[in-house]
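Asks: Make a model of this:
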Amino acid sequence: MTKNRDTSWNSVGRWYDNSVGEQGHYYHQQVIIPQVTKLLNFSDQEQASLLDLACGQGVLSRHLPSQISYTGIDLAKQLITAARQHNRRAQCDFFCADVTEKLPIQKVDFSHATIILALQNIQFPLKVFQNASKHLKPLSPLVIVINHPCFRIPRQSSWKIDTENKIQYRRMDRYMSEMKIPIQMHPGQGTESQQTWSFHYPLSTYTYWLQEAGFTLDRIEEWCSNKNSEGKAAKMENRAREEFPLFMALIARKKG
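Replies: Numbering: from 1, shown residues only. Prediction:
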């Protein structure tokens, strides 16, 4: 059994698939997938191929141009089963495998790679980066999207209200420490709730690992929620929403 086996989302696969659906949840549709597809910039590459690591139930594959060759890999058998059931693409393969171990594919000249909203659930990100590097062509991009590592740390970050100044602010209790944080997927079920894990690393650690794996970092993007509040607290809630991003994207490139 691999070290990463207990981090698989197989036990919550059916719930997650029902929650995300074929087209993705709200933030998939409104923020993440539009931004990711823009960053991938497939329009000028007729023979593009994408390696989607920790692909979940393959939601990204269903938003790509039809000519793109897609390969998705995830540790959770339930999610790979769902991905295959949702699939409508001709050039599409899904594999159930640990993305921190040797991948069950031979292709080493993918033109693009992604890790979308999954890295924070993987204990050894460096190994994922190394696999991406092994299977990408030189100078090819790797697009990573994570819950913002500075502002969205489970159990260590929270919203607070400053009533005197009438502002909502983000409280951070820890940041630099590496953390393995248990997440109860259905807290109301008590001890019967399935548990997953979230792993926190500071941004500097991610950038160091990318360099170690043979990537250069092109840029970082930060994406905020596009929702709007109504009511008495709307002004401070909307201001806070615009100031504290939900997601961070790291756009890296394999060295030539």
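
Asks: quick one: contacts for I115?
Replies: Counting by CB atoms under 8 Å, 6 or more residues apart in numbering, I115 touches D52, L53, A54, V128, A132, L142, V143, I144, V145. C-beta coordinates here come from the backbone N, C-alpha and C atoms, glycine included.

Asks: so the last one, which of the three states?
Replies: In three-state terms, and counting by DSSP: H, G, I helix; E, B strand; the rest coil, V145 is strand.

Asks: got it, and F199?
Replies: Under three-state DSSP, F199 falls in the strand class.

Asks: and it, how far is that from T216?
Replies: F199 is 24 Å from T216, where distance means CB to CB, to the nearest Å.

Asks: cool, Q57 as well?
Replies: 31 Å.

Asks: more neighbours, the two?
Replies: Neighbours per residue (other CB atoms under 10 Å) separate Q57 from T216, with Q57 holding more: 32 against 12.

Asks: ok, now which ones touch the closest residue to that one other than its chain neighbours?
Replies: Computed as CB to CB, 6 or more residues apart in numbering, the closest residue to Q57 that is not its neighbour in sequence is A82, at 4.1 Å. Each residue near A82 by CB under 8 Å, 6+ apart is listed here: G13, R14, D17, Q57, G58.

Asks: S140 versus the closest residue in space to the last one that isn't next to it in sequence, what's the distance?
Replies: It stands for G58. Of all residues not flanking G58 in the chain, A83 sits nearest, at 3.3 Å (CB to CB, 6+ apart). Relative to S140, A83 is positioned 23 Å away (CB to CB).

Asks: If you count neighbours, what's buried in the helix or strand of the chain with the lowest mean pLDDT?
Replies: In the chain, no helix or strand scores lower on mean pLDDT, DSSP states H and E than helix 13-20, which sits at a mean of 85. For helix 13-20, the neighbour count (16 or more other CB atoms under 10 Å) marks G13, Y16, D17, V20 as buried.
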